[in-house]
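>>> based on what follows, work out the 3D shape:
(chains A and B)
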Amino acid sequence: MSAPAGTQDEPRTDRIQAATALRRKDLLGIAELTTEEIALVLDTAEAMKEVGERPIKKVPALRGKTVVNLFFEPSTRTRTSFEIAEKRLSADTLNIAVGTSSVVKGETLADTALNLEAMRPDMIVLRHSSSGACHLLSRICRSAIINAGDGMHEHPTQALLDAFTIREHKKRLAGLKVAIVGDLQHSRVLRSNIHLLTKMGSDVWVCGPPTLIPADIGRFGVRATSAVDDAVTGADVIMLLRIQLERMEGAYFPSLREYFNVFGMTEARLRRAKPDVIIMHPGPMNRGVEIASEVADGPYSVILEQVANGVAVRMAVLYLLAGGTEHEAAA
Amino acid sequence: MPVVMDADRIGRTLTRIAHEIVERNRGLEDLALIGVRTRGVPLARRIATSLREITGQEVPTGALDITLYRDDLMRQSVGPQPLVRRTEIPFSIDDKTILLVDDVLYTGRTTRAALDALIDFGRPRGIQLVVLVDRGHRELPIKADYVGKNLPTSLEESVQVYLQESDGRDEVVLQQAPGGAV
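Below is the predicted model:
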């Protein structure tokens, strides 16, 4: 619990010194962030969390900034979380959902983005089913692009809020055993979490049915197994990933019931973890598939804290990206 | 680098300010001290200690971070931004007289931001401003109620306050460097 030199008042328990700025136009993924930048986002989110505890939950930091939430995939939690974060920072927000946009009339993503861009928003928060959609927008837009989930690639703000939640409970990320169990093949949450947790020094185990483990997952510096008991034993953190029913046409495992029997997180399975283990889930949960109800609602679950912390972390990202003004727009 | 206040002088000045606070407010009921981060916070705590020694009464003390209320946030190009810290006001400010404490009063913009931030926490009966150093050059109509030292400066100079709690020593220094203290 020793605070590094230069800080005071509250103990800073993370050993990595925070950067002084996010020197980038966009937040596309965790892969390109430095450990110092990650620490900066997490430290800033601590202050943002306090704003959410005030009687008047609003500060003028982003007054006059326009943020477009452009969502090409259904999302309640992430979109609402971004919108609340934007409003608490006094930004002007507007939501465009795919069902109501010109996309249904055949407009391409690039054209949609350029048309929005012509109205000079300051930031675009993008959720899209294609991996790399944010990178495309980043190249053609002057606005800051925040990735709110792109295909099977990354979901950086989810990984940041997961790290924030872990750090609140464990006071550190380095040296923790984190077991991530579920669909490793299709999960952008997994990919962002692997990047973040390995950068910050956690011991990351990933676990799922052999058919859902990418062949080259080892190169990300994690241990992969299909033996869930090995992954869970001694874990400080267990993170469950949603079995994405909409992506399960491929018959990756015999049945949901069998998945639950082999991989589902139950109280019995949990006993192998550390006594102070925390259980996380990015949502939406499939009760009785990847997680038993008694675990989801049990004393180790921090699932609703994750949701609450999501607002603070997204406020931090919005604030830090807005801090710089004129970036060179590529083309 | 001329030292304009040493540790002894800073200590006596804060004690004098504490006496002025007692005199002006005729008692400490409904008073609260709120320090502006970063160096206003230890100054507020020291004044609270002096007030306890003088009157035996405890005055609640809080810390205010004004970063999210600054008016220059969006004006700088990509560069170091001030780290946002938590505001900690563990009491209601409604109907209290708030003593807002900062180290240096300069343009008045920090104080403006602090007033906006405070008013988002409630409706105090009044706000009084306490500063260790007033270096002049106001850009807004703001005036301190308690001043440790009036220090005439030029715009090319900067005033740096060092405190035991954050810097390991008590000292106020006048430096010939533009854009230092804000």
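>>> my read is residue B:1 is in a strand, agree?
No - according to DSSP: H, G, I helix; E, B strand; the rest coil, the state of residue B:1 is coil, so it is not within a strand.
>>> ok, it touching residue B:162?
No - using Cβ atoms under 8 Å, residue B:1 is not in contact with residue B:162, being 11.3 Å away. Where C-beta positions appear, they are placed from N, C-alpha and C, glycine not excepted.
>>> so which residues of chain B form strands?
B:3-5, B:31-36, B:61-64, B:97-105, B:126-134, B:146-150, B:158-162, B:171-175 (DSSP state E).
>>> circling back to that earlier point, got any residues that touch both of residue B:1 and residue B:162?
With contacts taken as Cβ atoms under 8 Å, 6 or more residues apart in numbering or on different chains, the residues that reach both residue B:1 and residue B:162 are residue B:173.
>>> these two: which is more packed in?
Ranked by neighbour count (other Cβ atoms under 10 Å in any protein chain shown), residue B:1 and residue B:162 place residue B:162 first, with 18 against 10.
>>> grab the nearest non-local neighbour of that one.
residue B:171 (4.6 Å; Cβ to Cβ, 6 or more residues apart in numbering or on different chains).
>>> show me where the stretch 51-200 of chain A has strands.
With DSSP state E, counting those that start in this stretch, the ranges of strands along the stretch 51-200 of chain A come out as A:66-71, A:92-97, A:123-128, A:144-150, A:177-181.
>>> can the first one be said to contact chain B?
It stands for strand A:66-71. No - using Cβ under 8 Å from any Cβ of the partner chain, strand A:66-71 stays clear of chain B, coming no nearer than 12.7 Å.
>>> OK, contacts around residue 34?
This is for chain A. By Cβ under 8 Å, 6+ apart, the contact set of residue A:34 is residue A:19.
>>> the chain in question should be chain B.
The contact partners of residue B:34, by Cβ under 8 Å, 6+ apart, come to B:44, B:61-64, B:89, B:93, B:98-101, B:118.
>>> can you check residue A:170 too?
A:176, A:236-237, A:278 are the contacts of residue A:170 under Cβ under 8 Å, 6+ apart.
>>> where's the residue nearest to residue B:162 relative to residue B:4, distance?
With distances taken as Cβ to Cβ, to the nearest Å, residue B:171 is found 9 Å from residue B:4.
>>> any stretches of the stretch 151-300 of chain A with poor pLDDT?
A:247-250 (pLDDT under 70).
>>> returning to what we had before: tell me, how many residues neighbour the residue nearest to residue B:162?
Residue B:171: 18 surrounding residues under other Cβ under 10 Å.
>>> what about it, distance to residue B:50?
From residue B:171 to residue B:50 the distance is 19 Å (Cβ to Cβ).
>>> any idea how far stretch B:21-37 is from the chain center?
Relative to its chain's centre, stretch B:21-37 lies at 13 Å (Cα atoms, centre = their mean, to the nearest Å).
>>> ok, residue A:194 touching residue A:203?
No - contact criterion Cβ under 8 Å: residue A:194 and residue A:203 do not qualify, at 12.0 Å.
>>> out of those two, which sits in the busier spot?
residue A:194 (24 against 18).
>>> list the residues that contact the most centrally placed residue in chain A.
Closest to where the C-alpha atoms of chain A average out (Cα atoms, centre = their mean) is residue A:158, at 1.0 Å. Shown in contact with residue A:158 (Cβ under 8 Å, 6+ apart): A:78, A:149, A:188-189, A:192-193, A:282, A:310.
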